[in-house]
Structure formats: C-alpha cells, structure tokens
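Chemist: below are the sequence and a predicted model for it; my questions follow.
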Amino acid sequence: IAQLKDVIIKPDAPSSLLLDKHADYIAAYGSKKDDYVTYLYCFFQLVIFFMILSGKMDTINVDKAVEFVLSCMNFDGGFGCRPGSESHAGQIYCCTGFLSLTGQLHQLNADLLGWWLCERQLPSGGLNGRPEKLPDVCYSWWVLASLKIIGRIHWIDKAKLRRFILACQDEETGGFADRPGDMVDPFHTLFGVAGLSLLGDEQIKAVNPVLCMPEDVLQRIGLQPDLLS
Ligand SMILES: [Zn+2]
C-alpha cells in the first residue's frame, strides 16, 4: 500500500487561537512594504467584484465567460485551469466563486464536487489541494469556502480541521504557516484566520466565502453573493 502523504501534529503544537500575536505579526508588515507578494489567484474575482460594484458587468460577455468556466468542469465535478486539466482546489474556488457572482451555481454538480472536496481531508485533519499532495492551511480556505458556497461544508470533520489549522500557528512570532513547524507568512495567516471563521470560530467575524471579506462590510454595501443550500 502506498504511504499517504500527510503530516503528524505534535502534542505540544498550539491548540488555541493566538489572536493578539497574529495582530502584531500583520501590523509589522506596515513597516516592511517590500515584502509584499502579489497573488494572482484572487484577481479574477476582484475584477468581477469591481465590475459588480461599479455597475460595469455589461462590459464583458458574461455568457461567454460562464461558457468557458463550465468547459473546464471535469468528470469528478471539479475544475482545472483549462478544459481537460486536472481538478485543483484553487481553481475550484475561483470557478465556484465566479459562478456565484454570475448567478450560475445551478450549473454545478454539487454532490459530486462536494465529494471530491471532502476527499481532500487527510488523517491529520488538514486539507490538500488535489490527490497525493500534502495538507496546507491555504486549502482550508480554497476547499472550505468552495464547500460553503455549494452548501456542503458540514461534509468534512470540522473539529479535526480546526486542530490542524491551530497547529500551524507560530507561538512566538504570531502568524500561520502552510504546515505545522514551517515559516509563517501573511498569505497563510489570512487563510488560516478566514478558515477558522468559516468553521464558526466565535472570536473571529463571519467571513463571506465568495469574496473573503467580512460579512458585515458586505451587508453594509448590500452585496450578498449566491450560495447553494
Ligand atoms: Zn498554501
């Protein structure tokens, strides 16, 4: 039997949320601006978000865009980066988010996709992005947000995932790493905190799974992207 790729969570790994430490860690970035890294993943959604906010959705051919996204859907219910490419949780998040913003969530096979997403949970509780890969805190967001969008978040073991995310904190510097014991960074810190919010942590404000923004901000501007139930 091939050995499953996973991590072991040590008994002394952090198991409570170190919010003050994380606030200090993120605040310190204000003084080292050159360290910022741009991530392209959210660009697609940001563009759509901007267009919705500015009333400019009609400047792109939404039907054509939906047609393209659906052409990237695979037999397993997931999405790859182009037609025929392997399903990947990051792409699935972008595509489900896009279909939510364009009112096309009914085009998904939610049960099949939910099954594929739940299969991403490993014995450590962490989630990977596709089969045969190690768990990583950022997939707590890509996978969990997708499950929330399609109304299947209760299909994973929430307590085990929470344990994994908390174990990825650095007790000294604050911040979250991709895996327990690795170097922390702002990217995994955001998705660690946002993942805990989706899991229902009451110390953190509710986050919207489509836009990764606080729900109270979206309510204030009257924007509630579609979710499946
Ligand atoms: Zn990651």
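Modeler: Sure, I can see it.
Chemist: tell me which residue of the protein lies closest to the ion.
Modeler: residue 138 (3.2 Å; Cβ to the ion). C-beta coordinates here come from the backbone N, C-alpha and C atoms, glycine included.
Chemist: so which strand or helix has that residue?
Modeler: helix 137-149 (DSSP states H and E).
Chemist: list the contacts of the closest residue to the residue of the chain closest to the ion other than its chain neighbours.
Modeler: Distance criterion Cβ to Cβ, 6 or more residues apart in numbering; nearest residue to residue 138, sequence neighbours excluded, is residue 191 at 4.5 Å. Applying Cβ atoms under 8 Å, 6 or more residues apart in numbering, we find residue 191 in contact with 137, 138, 140, 141, 142, 176.
Chemist: which is the next helix or strand following the lowest-mean-pLDDT helix or strand in the chain?
Modeler: Sorting the helices and strands of the chain by mean pLDDT, DSSP states H and E puts helix 43-54 at the bottom, at a mean of 66. Where DSSP H and E defines the elements, the next helix or strand beyond helix 43-54 is helix 62-71.
Chemist: remind me which residues of the protein are low pLDDT?
Modeler: When residues are selected by pLDDT under 70, those of the chain lie in 1-2, 30-50, 53.
Chemist: quick revisit: for residue 56, see how far away the residue nearest to residue 138 is.
Modeler: Applying Cβ to Cβ, to the nearest Å, the value for residue 191 to residue 56 is 29 Å.
Chemist: what are the buried residues along stretch 96-114?
Modeler: Within stretch 96-114, the residues that qualify as buried are 96-102, 104-105, 108, 110, 113-114, counting by 16 or more other Cβ atoms under 10 Å.
Chemist: tell me where this structure has strands.
Modeler: Here the chain has no strands by DSSP state E.
Chemist: circling back: pipe the contacts of residue 191 into JSON lines and attach neighbour count per row.
Modeler: Listed next are those as JSON lines, based on neighbours: other Cβ atoms under 10 Å:
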{"residue": "137", "neighbour count": "29"}
{"residue": "138", "neighbour count": "23"}
{"residue": "140", "neighbour count": "30"}
{"residue": "141", "neighbour count": "28"}
{"residue": "142", "neighbour count": "25"}
{"residue": "176", "neighbour count": "32"}
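Chemist: check the residues you listed and tell me the two furthest apart.
Modeler: Distances among the contacts of residue 191 were taken as Cβ to Cβ; the most separated pair is 142 and 176, at 14.6 Å.
Chemist: all helices of this structure, in order?
Modeler: Using DSSP state H, the helices of the chain run over 19-27, 43-54, 62-71, 89-101, 110-118, 137-149, 158-167, 186-198, 215-220.
Chemist: tell me the most buried of those?
Modeler: Mean neighbour count (mean count of other Cβ atoms under 10 Å) peaks for helix 137-149 among those, with a mean of 27.
Chemist: helices or strands up against that one?
Modeler: helix 89-101, helix 110-118, helix 158-167, helix 186-198 (3 or more Cβ pairs under 8 Å, 6 or more residues apart in numbering; DSSP states H and E).
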